[in-house]
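Trainee: Next one to model:
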Amino acid sequence: MPMYHRIAEILTAQPVAHCAGSVLGRSRQGRAVRGFQFGTGARRISLLGGCHADEPVGPLLLRRFASYLSLLPPDDSLLANYQWWIVPHINPDGEGRNRQWYNDRVAVFDPVAYLSYRTRERPGDDIEFGFPRDSNDTNARPENRAVYDWWRTAGTFALHTSMHGMGFSAGPWFLLEPAWRDRCNLLKQRCVARVTALGYSLHDVERGGEKGFFRIERGFCTRPDSNSMRSHFMKLGDRDTAQLFRPSSMEVVREMGGNPLTLVSEMPLFITPGVGELIGPPDKAAEEWKIRIDRWRMMLTEDGTEDKVRREAEEAGLQAMPIRDQMELQVTLVFAGVELVTADRAS
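Mentor: Below you'll find the predicted structure:
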């Protein structure tokens, strides 16, 4: 597939300026939510970043991807065959809060800074599960409403990918549209080959369908959905939390019609060796890492513990995954998805 050779160029592209693109709306604090649209092709591709603002690698990639597309000639195959609808960061307020622990110039993230300053919205404010239930749902967050209204001008999409990440895991993890799970063999092969070439192990976990996570095979799982999220909290007797979940970006795009493929990338900021080797449940290695990480987080509330935590993390084998590798695997997933929907609609 000719597009894969473009990955290196995309990763080295100068990110688009924060003031570029179209202003789709404003955040709660008045910051611009920006979108980019490129290409004239029949197949529409949606790429979304920043739904969880403590997961910065998706926005880092999408700002480069938008820059790369902006410099292509109109007759380039990526623009002639596809339309690209890109929102690099849907949550600029959350991005601002998380800037305490990262910037765009580092090659890897610092676990001490991450554990000390990382912030994330709770259910009800969670942007991924905060999209309008319908066109009359005016109580959704303004960021969600702005992107939702923009998408509705597009028609239907062939592919939607929401760029996510994990603080800690054994390696890369890919979440697939349940309705497409039996058609994703080539996509899985592309992702596994790239993960292997970069020297990583795939993350693996058995959640038994909790919140919509059904294991497919090592490294691959179905994506979650809001109905399963609500059911999970209802079973816990937490009706108030259950009622906070609105549709995800994946569900909204599918509700627009056309049976699109939806994907979620889950790249770890920090790799925890041993997790998933015996997936359980329980996964003893995962439980041991959780205990360590929770203890480090508590230690960092005290002055003078940064060096001790950093030393313990190194001795335990915690590894920061290079940001470039995370981006490479994210764009690999996108191109594998494009390849899949192109072949599906051509058949």
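
Trainee: all strands for this structure, in order.
Mentor: Taking DSSP state E as the test, the strands found in the chain are 22-26, 32-38, 43-49, 82-87, 159-169, 173-176, 215-217, 220-222, 261-271, 319-320.

Trainee: Tabulate those strands (TSV), appending distance to Glu339 and mean neighbour count.
Mentor: The C-beta positions use only the backbone N, C-alpha and C, and glycine is treated the same way. Output for the strands of the chain, formatted as TSV (distance: least, CB to CB, whole Å; neighbours: other CB atoms under 10 Å):
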stretch	distance to Glu339	mean neighbour count
strand 22-26	28	15
strand 32-38	18	21
strand 43-49	11	25
strand 82-87	11	23
strand 159-169	10	24
strand 173-176	14	24
strand 215-217	19	14
strand 220-222	16	22
strand 261-271	11	24
strand 319-320	30	16
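
Trainee: could I get those as TSV with mean pLDDT?
Mentor: Output for the strands of the chain, formatted as TSV (pLDDT from 0 to 100):
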stretch	mean pLDDT
strand 22-26	97
strand 32-38	98
strand 43-49	98
strand 82-87	98
strand 159-169	97
strand 173-176	98
strand 215-217	96
strand 220-222	98
strand 261-271	98
strand 319-320	98
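
Trainee: Dump those into a markdown table; add distance to Ala285 as well.
Mentor: Formatted as a markdown table, those follow (distance: least, CB to CB, whole Å):
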| stretch | distance to Ala285 |
| --- | --- |
| strand 22-26 | 42 |
| strand 32-38 | 39 |
| strand 43-49 | 30 |
| strand 82-87 | 36 |
| strand 159-169 | 11 |
| strand 173-176 | 16 |
| strand 215-217 | 17 |
| strand 220-222 | 18 |
| strand 261-271 | 12 |
| strand 319-320 | 14 |
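
Trainee: Lys211: what's it in contact with?
Mentor: Applying CB atoms under 8 Å, 6 or more residues apart in numbering to Lys211 gives the contacts 224, 228-229, 232.

Trainee: Show me the two of the residues you listed that sit farthest apart.
Mentor: Greatest spacing in the contacts of Lys211, by CB to CB: Pro224 and His232 (9.3 Å).

Trainee: which residues does His232 contact?
Mentor: Residues near His232 by CB under 8 Å, 6+ apart: 210-211, 242.

Trainee: let's see 7 Å
Mentor: Neighbour list for His232: 210-211 [criterion: CB atoms under 7 Å, 6 or more residues apart in numbering].

Trainee: do the same with Glu312
Mentor: By CB under 7 Å, 6+ apart, the contact list for Glu312 reads Trp296.

Trainee: before we move on, what about Arg44?
Mentor: Per CB under 7 Å, 6+ apart, neighbours of Arg44: 83, 85, 154-158.

Trainee: hmm, back to that, which stretch among the strands of the chain comes nearest Gly96?
Mentor: Closest approach to Gly96 among the strands of the chain (CB to CB): strand 32-38, 12.3 Å.

Trainee: List the contacts of that closest one.
Mentor: Outside strand 32-38, the residues within contact range by CB under 7 Å, 6+ apart are 21-27, 66, 69-70, 79, 83-87, 90, 92, 143, 146-147, 150.

Trainee: If we use 8 Å, what do you get?
Mentor: By CB under 8 Å, 6+ apart, strand 32-38 touches 16, 18-27, 66, 69-70, 72, 79, 83-90, 92, 142-143, 146-147, 150.

Trainee: the inter-axis angle of that strand versus strand 22-26?
Mentor: 150 degrees (axes from the mean of the first three to the mean of the last three CA atoms, to 10 degrees).
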